[in-house]
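# Here is my input, please return the structure:
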Amino acid sequence: MSKYMKGLLQAELEERIAEQGVGDFLVISTQGLSGVDNNVMRGELKAKGIKMMVVKNTLFRRALRSRKMEAAAALFTGPCVVAYGGESIVDVAKQLSEWATKVPAVVVKGAFLEGSVLHGEAAEDLCKMPSRWELLGRVVGMVLSPAGRLAAALNGPAQVIAGCVEKVAEKAEKEAA
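Predicted coordinates:
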């Protein structure tokens with residue numbers, strides 16, 4: 001391939017990285033994946049907003065350097081596919097780990113997350129993290145928990161007093177009858 005063609009491809013990769021907001025991504029290997037499995041996997045991932053891009057390692061490394069993401073260049077050895085998108089990188093990792101259990105040809109090589117590189121198992125551990133929505137649910141639960149306890153604490157003595165008044169009223173009704 002001529003230098004001119006490589007330059008065009010690199011420029012296209014840089015443009016894709018910038019336009020599509022590829023900030024956090026997973027690097028996977030799909031070597032040995034059948035065409036049917038590949039198409040099914042890509043279709044399901046696309047429906048969930050996850051994009052995949054097969055890259056030429058040297059050109060993608062150069063594109064990463066120009067975008068100030070050169071730390072991720074170490075992940076690109078052998079056949080590589082870049083997966084990104086979805087709600088967050090955790091969602092991408094969860095979906096790809098599901099596929100890795102279904103199809104052993106899908107192997108997570110690493111991840112680039114907020115400027116740092118995660119290799120092998122550390123990248124696979126992303127799928128064990130809670131998603132953004134799960135974390136928001138936990139935060140809401142933590143915020144509401146003290147208010148619920150306070151309401152119960154304030155309501156508790158009032159219930160005791162109401163119970164006492166009710167018993168006195170019942171006793172007075174029995175005596176009146």
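
# what helices or strands is the helix or strand containing residue 62 leaning on?
For residue 62, the element it lies in under DSSP states H and E is helix 57-66. Contact here means 3 or more CB pairs under 8 Å, 6 or more residues apart in numbering; DSSP states H and E; on that basis helix 57-66 packs against helix 3-19, strand 80-85. (Each C-beta comes from the backbone N, C-alpha and C, glycine too.)

# Check which residues of that helix are buried.
Neighbour counts over helix 57-66 (16 or more other CB atoms under 10 Å) mark 59, 60, 61, 62, 63, 64 as buried.

# And stretch 66-85, by the same measure?
69, 72, 73, 75, 76, 80, 81, 82, 83, 84, 85.

# can I see the domain layout of the protein?
If you go by automatic domain parsing, the domain ranges for the chain are 3-129, 132-177.

# Determine which stretch of these is the most buried.
domain 3-129 (a mean of 17; mean count of other CB atoms under 10 Å).

# okay, how far is it across that domain, tip to tip?
Using CA to CA, to the nearest Å, one end of domain 3-129 lies 43 Å from the other.

# Output the below-cut-off pLDDT ranges for the protein.
Within the chain, the stretches with pLDDT under 70 are 20-21, 150, 177.

# which residues of it fall in helices?
For the chain, the helices defined by DSSP state H cover 3-19, 35-47, 57-66, 89-102, 120-124, 132-176.

# Other residues contacting the third one?
The list of residues contacting helix 57-66 from outside it, by CB atoms under 8 Å, 6 or more residues apart in numbering, reads 6, 9-10, 13-14, 17, 70, 72-73, 76-78, 80, 82.

# which of those residues lies closest to residue 45?
Distance to residue 45 across the contacts of helix 57-66 (CB to CB) is lowest for residue 82, with 12.3 Å.

# list the contacts for the closest one?
So residue 82 contacts 22, 25, 26, 27, 52, 53, 55, 60 (CB under 8 Å, 6+ apart).

# Across the sheet, point out what pairs with the third one.
As for beta bridges, residue 26 partners with residue 83, residue 111 under DSSP bridges.

# Looks like it contacts residue 93 (just checking).
Yes - applying CB atoms under 8 Å, one finds residue 26 in contact with residue 93, separated by 6.1 Å.

# Quick check: neighbours shared by these two?
108, 111, 123, 126.

# Now the two most distant members of these.
Of all pairs drawn from those, the widest gap by CB to CB lies between 108 and 126 and measures 8.6 Å.
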